[in-house]
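Colleague: Pasted the sequence and its predicted model underneath.
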Amino acid sequence: MSRALIDLHGGDGETTGVVTPYGDQAEATLEALRDIERDGGPSAEVGTAHRFQGREFPIVVFDTVEGEHSRPLWMAKASRAPEASDWMRSGIRLFNVAMTRVQTRVYVIASGTRIQEAARKAPNSPFGHLHALIGSSGVRVLPAKSLITPPELNVPRGEFGDRLAEVLSRHVEVSDVDDETTFYASFVAAIRSARTSLWLWTPWVARRVRMILPELRAAVDRGVRVTVFVRDPSDQLQKKPANLSLVEDLRAVVHTVVPMHVMHQKIVVVDEKTVMLGSLNALSQSWTREVMVTMRGAYFARKILTHEHAEVFARPPKCPRCGQDDIEIRRGAKENWYWRCYNSQCPTGGGNKAWKKDIDLWRRPGSAKR
Ligand SMILES: [Zn+2]
């Protein structure tokens with residue numbers, strides 16, 4: 001919710017500060033903001049009330065972390081009553097600090113049930129006072145359930161609510177789950193949506209690739225960079241002549257095909273924004289039961305690409321001994337990654353004597369010699 005509010009006001013050129021009582025919530029919010037970061041930095045300042053003492057923001061989101069389904073926490077229990085503990089009293093101070101950081105508009109994210117409860121049991125508490133404000137001019141209540149698309153609660157949400165719901169629908173990480181019967185429709189749609197890059201980890205290449213090749217060719221023609229990781233040709237299935245020739249067909253269409261020894265990952269990453277991850281071999285699936293999950297979010301997509309060393313692994317060198325580019329990626333017993341020449345004509349004689357070179361994972365992508 002904080003992320004949607006930041007994005008909404010950012011569109012209007014307004015700066016938002018997110019205040020929360022807890023360090024953990026500030027961390028989680030910062031993490032969520034990475035999907036909408038601008039110019040390489042977070043799109044808003046996020047911190048605990050303590051950290052923001054003395055600061056002001058045009059817009060403030062006060063995330064109380066009070067949910068309907070958990071026990072009342074610090075903000076719901078904040079109190080100045082004679083019997084209140086020091087902890088309850090410090091809650092009042094924190095609440096005041098959070099609410100006074102604002103210049104024009106403050107959003108309080110809290111449970112409506114908790115606030116009504118406070119009105120009955122502790123009208124003099126911060127939540128009790130919040131409840132008393134409801135209905136006065138300049139104060140409005142927007143049930144979060146009405147903002148989800150499709151709404152779980154059908155109440156009029158007004159012009160502002162409609163805008164916020166629209167922003168929210170773009171940010172909620174839509175997770176599609178596909179099985180082998182529905183995956184290819186989603187996969188083809190994903191390839192067609194690609195504008196800049198497409199990464200595939202698909203251990204095996206079999207007849208299925210024929211159906212996908214025209215889609216990959218169209219993507220390449222649009223200027224999409226396509227990189228595919230497959231198993232190396234020592235693999236029992238991959239080394240069948242029919243499959244080897246399909247790999248050659250694939251090489252003729254996409255920019256880069258990199259063989260990796262005993263690879264088993266099945267991943268699709270589109271435009272560094274959408275990740276499909278699961279058990280299905282996108283270029284060979286024929287009859288087995290599978291599941292693939294689609295996750296949207298630039299931060300997660302980049303995390304997967306980094307985890308798989310995508311940029312570095314996509315640039316195999318030529319073998320200096322035979323001059324060919326039959327280079328595979330292997331991983332040694334010490335977890336080190338290395339390039340290895342598998343060309344059967346290589347003068348090294350292959351096998352244990354094959355040409356090898358450790359992969360420098362710290363080399364900056366783009367600086368590697370092809
Ligand atoms: Zn060689």
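Modeller: Sure thing, it's come through.
Colleague: ok, the residue of the chain most remote from its centre to the ion distance?
Modeller: When distances to the mean C-alpha position of the chain are computed (CA atoms, centre = their mean), the maximum falls on residue 82, with 47.6 Å. Distance from residue 82 to the ion, counting by CB to the ion, to the nearest Å: 84 Å. (Each C-beta comes from the backbone N, C-alpha and C, glycine too.)
Colleague: any chance you could map the helices in the stretch 251-370 of the chain?
Modeller: For the stretch 251-370 of the chain, helices defined by DSSP state H, counting those that start in this stretch occupy the ranges 298-307, 310-313.
Colleague: Measure how buried residue 142 is and give me the count.
Modeller: By other CB atoms under 10 Å, 15 other residues sit near residue 142.
Colleague: Can you tell me the element the closest residue to it other than its chain neighbours falls in?
Modeller: Distances taken as CB to CB, 6 or more residues apart in numbering place residue 161 nearest to residue 142, at 5.3 Å, with adjacent residues excluded. Here residue 161 sits within helix 158-171, counting by DSSP states H and E.
Colleague: Could I get the average pLDDT for that helix?
Modeller: For helix 158-171, the mean pLDDT works out to 80.
Colleague: Check stretch 349-356 too.
Modeller: Rounded mean pLDDT across stretch 349-356 is 92.
Colleague: Format the CA atom coordinates belonging to it as CSV.
Modeller: Output of stretch 349-356 as CSV, limited to C-alpha atoms (Å, rounded to 0.1, in the frame of the first residue of the first chain):
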residue,chain,number,x,y,z
GLY,A,349,42.6,-34.4,-27.1
GLY,A,350,39.6,-33.6,-24.9
GLY,A,351,38.6,-35.5,-21.8
ASN,A,352,40.7,-34.5,-18.8
LYS,A,353,43.1,-32.6,-21.1
ALA,A,354,40.4,-30.4,-22.6
TRP,A,355,41.0,-26.7,-22.5
LYS,A,356,39.6,-25.1,-19.3
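Colleague: hang on, the earlier thing: surely the residue farthest from the centre of the chain is within a helix?
Modeller: No: assessed with DSSP: H, G, I helix; E, B strand; the rest coil, residue 82 is coil; it does not lie in a helix.
Colleague: Can you pull the phi and psi angles for it?
Modeller: phi -60, psi -40 (degrees, to the nearest 10).
Colleague: what separates it from residue 91, distance-wise?
Modeller: Distance, residue 82 to residue 91, using CB to CB, to the nearest Å: 16 Å.
Colleague: ok, back up a step: wait, the residue nearest to residue 142 touches residue 144, no?
Modeller: No: judged on CB atoms under 8 Å, residue 161 makes no contact with residue 144 at a distance of 10.4 Å.
Colleague: Ends of stretch 74-91, what's the gap?
Modeller: Taking CA to CA, to the nearest Å, stretch 74-91 runs 6 Å from one end to the other.
Colleague: Sketch out the low-pLDDT regions of the stretch 151-300 of the chain for me.
Modeller: 151-152, 169-174 (pLDDT under 70).
Colleague: can you list the residues of this protein near the ion?
Modeller: 319, 321-322, 341, 343, 346, 355 (CB under 5 Å from the ion).
Colleague: Just the buried subset of those, please.
Modeller: The neighbour count (16 or more other CB atoms under 10 Å) marks 319, 322, 341, 343, 346, 355 as buried among the residues of the chain next to the ion.
Colleague: rewinding a little: settle it for me: which of residue 161 and residue 144 has more neighbours?
Modeller: residue 161 (17 against 14).
Colleague: Could you measure from the more buried one over to residue 342?
Modeller: In terms of CB to CB, residue 161 sits 60 Å off from residue 342.
Colleague: before we move on, what about residue 355?
Modeller: Applying CB to CB to residue 355 and residue 342 gives a distance of 10 Å.
Colleague: repeat for residue 144
Modeller: Taking CB to CB, one finds residue 144 at 56 Å from residue 342.
Colleague: And the residue positioned nearest the centre of the chain, how close does it get to the ion?
Modeller: By CA atoms, centre = their mean, the chain has its centre lying nearest to residue 300, at 2.8 Å. Per CB to the ion, residue 300 is found 38 Å from the ion.
Colleague: so that residue touches residue 274, yeah?
Modeller: No: at 9.4 Å, residue 300 does not count as touching residue 274 under the criterion of CB under 8 Å.
Colleague: Quick check: neighbours shared by these two?
Modeller: Between them, residue 300 and residue 274 share no contacting residue under CB atoms under 8 Å, 6 or more residues apart in numbering.
Colleague: Please list all residues in contact with residue 253.
Modeller: 213, 216-217, 220, 226.
Colleague: Just the ones in helices from the residues you listed, please.
Modeller: 213, 216-217, 220 (DSSP state H).
Colleague: Need the max-distance pair from the buried ones among the residues of the chain next to the ion.
Modeller: For these, the maximum inter-member distance is 8.9 Å, found between 343 and 355 (CB to CB).
Colleague: Overlap in contacts, the two.
Modeller: Common neighbours of residue 343 and residue 355 (CB under 8 Å, 6+ apart) are 319, 322.
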